[in-house]
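Enquirer: give me a model of this one.
(one chain, ligands or ions: 2)
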Amino acid sequence: MTLEKESSFLTIPGAIHIHTTYSDGTGTVPEVAAAARRAGLRWIVITDHDDLRAKAEEGWYDGVAVLAGYEITPERNHYLVCGLDEVVSNELAPADYVRLVAEKGGLGFVAHPDERVTNEHTRPFRWDDWSLRGFTGIELWNYMSEWIERYTRRMRYVNYFFPQLVVRGPTAETLAWWDLLATEGWRPTGIVGADVHAVRVRAWGRVWEVFPYEQVFRTLTNYLVVEQPLEAAFSEASRQILNALRRGRVIMANRTWGEAASTHFVALLPDGSRATVGDTVSLGSQIVLDFRAPARGHITLYRNGQVLVRNRWARRLRHVVREPGHYRVEVRRWGQLWILTNHIHVE
Ligand SMILES: [Zn+2]
Ligand SMILES: [Zn+2]
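Expert: Ligands and ions are numbered 1, 2, ... in the order given. I've put the predicted structure just below:
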C-alpha cells in the first residue's frame, strides 16, 4: 500500500445530547430516531435530564443505533453520561458525580462548560470548577446554548430564520482548556452537542417549532473514526460507539458548511501503519501528519493549542512532525468553523 491510498478508517456520523418527551423535548424516541435517519446520522445518544427511561427503547431504528444516557442536571454544572444502567444523583457535588460515573465504568462529558447567557430567556448553565479532572470528555460546542446566548430581542428574527449566522464555534477559553488537559495527560475527548429539544413556542398566532430535531441533526455532527462498520448486533454496535467516544476517535463538524464524511486526520508511520485521532504515537521515527477534507477550506494545524501550519483554501495539509505534542486541525469556510478534529498525541 502506498501512502497516497485512501486511509482505512471509516467515519460514522452521529449526535449526542438529545432531549425527548422523557424530559423537556417534544419528540418520542422513535420520532427522534426517524429525524436522525432523515438527517443522515447512523447513531444517536439520548440524554434526558436525570432520566434513563429511554434505555428500554435502545436498539436499531432503520439503520440508526439509538443509545440512551442522561444529563445530570443540577442548577449548573450539567454532565452528560452514557454507558450506565443507573442514574447518578444530581444532588451530589460535581467532583462526586464525575468520580462516581468513572468508577461505575460510564462515560461522562462536561456539558456546555462556557455558556454565558445573559438575556432574559434563560440563565447560564456553565461549568464552575475548571480545575476538576477525571471526566471522559468535554462538549466543546453546543448548538442550543450558543444560539440562546446570541438571542436578543433585536436579533431574534435573524436568529430564528438564519441560525447559521450566530452559531460560530467553541469559545477560545473552552478550546484552551481542552488543549491544556491534553498536555496534562488527561486527554479528554472533544464532542459537539446538539442539545436538541425541538421546543414549541406560540407566536404570531401559530405554533413554531424552535429547531426541529432534523434541522439540528443536520448541523453539529460527531463522526466516529473506526476501523470496522458498526456491527449488526446492537450490543456490539453500542460497544463500538462508546469505545470510540471514550478513546477520542471523533471528528467534529458543522454540516451547515458542507458534509464532512470523508475527512481524515492520520499519522503515517514509516512501517506503513496509520494512527488517527485519539491515538498516541511515539516520535522514535519519522511521522507525517496527513489531513484531508472533502472540500476546500482554510486548514490550520495546532500543536498544544498554538498555530503551527496554515493552508489557505486547500483540501489537504501534510506536516512532518519534529516535536512531541498534541496535534489537532480546524477547517474554516467563509469565516465559519466547519471541521474540528480531536488530537493525535505524539510522545
Ligand atoms: Zn444542559
Ligand atoms: Zn441538555
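
Enquirer: shouldn't Ser262 be within a strand?
Expert: No. Under DSSP: H, G, I helix; E, B strand; the rest coil, Ser262 sits outside any strand and is assigned coil.

Enquirer: make sure it is actually in contact with Pro294.
Expert: Yes. Taking contacts as CB atoms under 8 Å, Ser262 lies within contact range of Pro294: 4.6 Å. Every residue, glycine included, has its C-beta placed from N, CA and C.

Enquirer: the two: which is more packed in?
Expert: Between Ser262 and Pro294, counted using other CB atoms under 10 Å, the more crowded position is Pro294 (17 against 14).

Enquirer: what strand or helix carries that one?
Expert: strand 288-303 (DSSP states H and E).

Enquirer: pairing partners for that strand, with directions?
Expert: strand 264-268 (antiparallel), strand 306-320 (antiparallel), strand 325-333 (antiparallel) (DSSP bridges).

Enquirer: the residue of the chain most remote from its centre and His112, how far apart?
Expert: Using CA atoms, centre = their mean, the residue of the chain lying farthest from its centre is Gly205. It sits 36.3 Å away. Distance of Gly205 to His112, given as CB to CB, to the nearest Å: 33 Å.

Enquirer: hang on, the earlier thing: what sits against the residue farthest from the centre of the chain?
Expert: Neighbouring residues of Gly205 by CB atoms under 8 Å, 6 or more residues apart in numbering: there are none.

Enquirer: what are the phi and psi values at Ala15?
Expert: Here is the backbone geometry of Ala15 (degrees, to the nearest 10): phi -140, psi 150.

Enquirer: likewise Pro30?
Expert: According to degrees, to the nearest 10, Pro30 has phi -60, psi -40.

Enquirer: that one - how many residues pack around it?
Expert: For Pro30, using other CB under 10 Å, the count is 13.

Enquirer: in contact with it, which residues?
Expert: Counted by CB under 8 Å, 6+ apart, Pro30 has contacts Glu57, Tyr61.

Enquirer: confidence score at whichever residue of the stretch 101-250 of the chain sits closest to ligand 2?
Expert: Nearest to ligand 2, among the residues of the stretch 101-250 of the chain, is Asp195, at 4.6 Å (CB to the ion). Per-residue pLDDT puts Asp195 at 84.

Enquirer: with Pro294 instead?
Expert: 96.

Enquirer: go on, Arg123?
Expert: pLDDT at Arg123 comes out at 50.

Enquirer: the closest residue to ligand 2 within the stretch 1-150 of the chain - how many residues pack around it?
Expert: Nearest residue of the stretch 1-150 of the chain to ligand 2 (CB to the ion) works out as Glu71 at 4.9 Å. Glu71 sits with 23 neighbouring residues when counted by other CB under 10 Å.

Enquirer: now do the SS call for it.
Expert: Glu71 - assigned by three-state DSSP - is strand.

Enquirer: my guess is it contacts Asp50. True?
Expert: Yes. Between Glu71 and Asp50 a contact is recorded at 7.2 Å, counting by CB under 8 Å.

Enquirer: which neighbours do the two have in common?
Expert: Common neighbours of Glu71 and Asp50 (CB under 8 Å, 6+ apart) are Ser23.

Enquirer: got the phi/psi numbers for Leu41?
Expert: Residue torsions, per degrees, to the nearest 10, at Leu41 are phi -90, psi 160.

Enquirer: could you check how far it is from Asn342?
Expert: Applying CB to CB to Leu41 and Asn342 gives a distance of 19 Å.

Enquirer: more neighbours, the two?
Expert: Of the pair Leu41 and Asn342, Asn342 is the one with more neighbours under other CB under 10 Å, namely 31 against 23.

Enquirer: now the phi/psi pair for His112, please.
Expert: phi 30, psi 70.

Enquirer: what does this protein put close to ligand 2?
Expert: Glu71, Asp195 (CB under 5 Å from the ion).

Enquirer: how is the chain carved up into domains?
Expert: 10-255, 264-346 (automatic domain parsing).

Enquirer: mean pLDDT for these: which is lowest?
Expert: domain 10-255 (a mean of 88).

Enquirer: gap between it and the chain center?
Expert: 7 Å (CA atoms, centre = their mean, to the nearest Å).

Enquirer: check the separation of the first and last residues in it.
Expert: 17 Å (CA to CA, to the nearest Å).
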